[in-house]
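# below are the sequence and a predicted model for it; my questions follow.
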Amino acid sequence: MAFGRRRQADEQVTGEAEEQARPADEAVDETAAESAPAEGGPWDSEDSYPEMQRLDFGSMQIPVAQGLGFQVNFEATEVDDEGNPVNGRPVAVLVQYGESAMQLQVFAAPKRSGIWDDVRRETAGDIQEQAQGQTQEGEGPFGPELLAMVPAALTEEVLAEMPEEVRSQIPQEFIDQGWAPQVIRFLGVDGPRWFLQAVVQGAAIENEEQWQVLEDVLRGVVVTRGDAPMPPRDLLELRIPQEFSEANEEGGDGAEQTFDPFERGPEITEVR
């Protein structure tokens with residue numbers, strides 16, 4: 001789930017290209033907006049960050065560990081005459097652990113300020129108006145965050161694809177009514193000219209052990225912003241790591257054999 005593309009009027013007019021031409025004395029007051037969290041990451045590629053094994057997705061380097069799975073989400077950039085997607089670009093990385101998932105996306109941001117406050121407010125409005133959900137703000141390990149409860153469809157197809165151990169835990173009243181409340185946690189980190197968003201679902205909402213694993217992953221992310229001017233809120237470019245291609249070619253244990261970006265995406269279910 002990505003945030004809306006609404007922008008403030010000054011962001012539309014100036015963009016980052018104009019910001020780079022601002023006098024140096026105006027930039028002095030922007031130091032706070034250009035810093036990731038002081039304790040641990042996520043890190044900017046210009047920071048001095050701890051070395052660890054990471055998958056290189058271009059604009060994001062994401063830590064790997066025992067039991068983690070990774071999936072790349074694509075959006076269509078081209079369709080055929082019947083409206084079927086025939087080409088696409090990677091837009092998000094899904095980190096999976098146990099019964100939990102965390103979607104990561106990184107965006108360009110203005111040099112003069114962060115955007116998480118605006119994004120959080122807009123996301124809450126969209127959930128309340130469009131999804132008929134409820135939201136609540138709170139404070140988390142990375143600062144302000146948003147907790148949302150939205151109705152999730154429980155169609156026969158959805159139930160058929162669920163593992164039996166998951167389906168057996170759904171109250172019958174939810175199955176009868178065809179939907180169940182789903183809790184989603186939104187976290188954001190304003191970095192130097194970038195914004196990193198994490199969306200958490202599944203057991204990690206309440207399971208501290210599973211959340212701790214995902215939190216460690218988020219703290220270990222390294223963002224490469226690049227020097228090219230970009231409009232605020234544009235996605236930074238992602239690329240498929242070499243490990244994904246090798247896994248698909250070799251057909252090793254735990255790897256997807258086929259590559260269909262519009263169904264599931266390249267996936268390594270476990271990195272050892």
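Now that the structure is in, tell me what you want to look at. Numbers count the residues shown, from 1 in each chain.
# pLDDT value on the residue positioned nearest the centre of the chain, please?
When CA atoms, centre = their mean is applied to the chain, the residue found nearest the centroid is Leu104 (2.0 Å). Note for Leu104: predicted pLDDT of 97.
# same thing with Pro90?
Reported pLDDT for Pro90: 89.
# beta-bridge partners for it, please?
With DSSP bridges applied, Pro90 shows beta-bridge pairing to Phe74.
# with the one 10 residues further on instead?
When bridges are assigned using DSSP bridges, the partners listed for Ser100 are Tyr97, Gly202.
# do I have it right that it meets Ala203?
Yes. Ser100 is in contact with Ala203 according to CB atoms under 8 Å; the separation is 4.9 Å. From N, CA and C alone the C-beta is placed, and that goes for glycine too.
# neighbour count for those two, which is higher?
Ser100 (19 against 16; other CB atoms under 10 Å).
# tell me the contacts of the more buried one?
Val200, Gln201, Gly202, Ala203, Ala204, Ile205, Asn207, Gln210, Trp211, Val213, Leu214 (CB atoms under 8 Å, 6 or more residues apart in numbering).
# can you count the residues close to the closest residue to the first one other than its chain neighbours?
Think Val200. Counting by CB to CB, 6 or more residues apart in numbering, Arg185 is the residue found nearest to Val200 once chain neighbours are left out, at 4.2 Å. Arg185 sits with 20 neighbouring residues when counted by other CB under 10 Å.
# pLDDT value on Arg185, please?
So, for Arg185, pLDDT stands at 97.
# and it, what are its bridge partners?
Beta-bridge partners for Arg185, by DSSP bridges, are Leu147, Val200.
# against Arg112, how distant is it?
28 Å (CB to CB, to the nearest Å).
# for Gln134, same thing?
In terms of CB to CB, Gln134 sits 33 Å off from Arg112.
# repeat that for Val217.
Applying CB to CB, the value for Val217 to Arg112 is 30 Å.
# where do the helices of the stretch 101-250 of the chain begin and end?
In the stretch 101-250 of the chain, helices defined by DSSP state H, counting those that start in this stretch lie at 116-130, 156-161, 164-167, 172-177, 208-219, 242-250, listed in chain order.
# just put those helices in CSV and tack on mean pLDDT and distance to Ala148.
Below are the helices of the stretch 101-250 of the chain laid out as CSV (pLDDT from 0 to 100; distance: least, CB to CB, whole Å):
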stretch, mean pLDDT, distance to Ala148
helix 116-130, 94, 5
helix 156-161, 81, 19
helix 164-167, 73, 21
helix 172-177, 83, 18
helix 208-219, 97, 16
helix 242-250, 64, 30
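# these: which one's closest to Val150?
Nearest to Val150, of all the helices of the stretch 101-250 of the chain, is helix 116-130, at 6.2 Å by CB to CB.
# ok, residues contacting the closest one?
3-4, 6, 8, 133-135, 137, 143-146, 148, 150, 186, 188-190, 195, 197.
# neighbour count for Gln134 and Arg112, which is higher?
Arg112 (17 against 14).
# okay, that one and Leu55: tell me how far apart.
32 Å.
# isn't Arg219 up against Met52?
No. In this structure, Arg219 is not within contact of Met52 by CB under 8 Å, at 10.6 Å.
# of these two, which one has the most company?
The residue with more neighbours, out of Arg219 and Met52, is Arg219; 19 against 12, by other CB under 10 Å.
# that one and Asp44, how far apart?
According to CB to CB, Arg219 stands 13 Å off from Asp44.
# do the same with Ala124
Distance from Ala124 to Asp44, by CB to CB: 27 Å.
# so where is the chain shaky, pLDDT-wise?
Residue ranges of the chain with pLDDT under 70: 1-39, 165, 245-272.
# what about the strands in it?
Assignment of strands within the chain using DSSP state E yields the ranges 43-44, 54-56, 60-63, 69-79, 85-97, 100-108, 134-140, 143-153, 179-191, 194-202, 222-223, 267-268.
# what is the fourth one packed up against?
Applying 3 or more CB pairs under 8 Å, 6 or more residues apart in numbering; DSSP states H and E, one finds that strand 69-79 makes contact with strand 85-97, strand 267-268.
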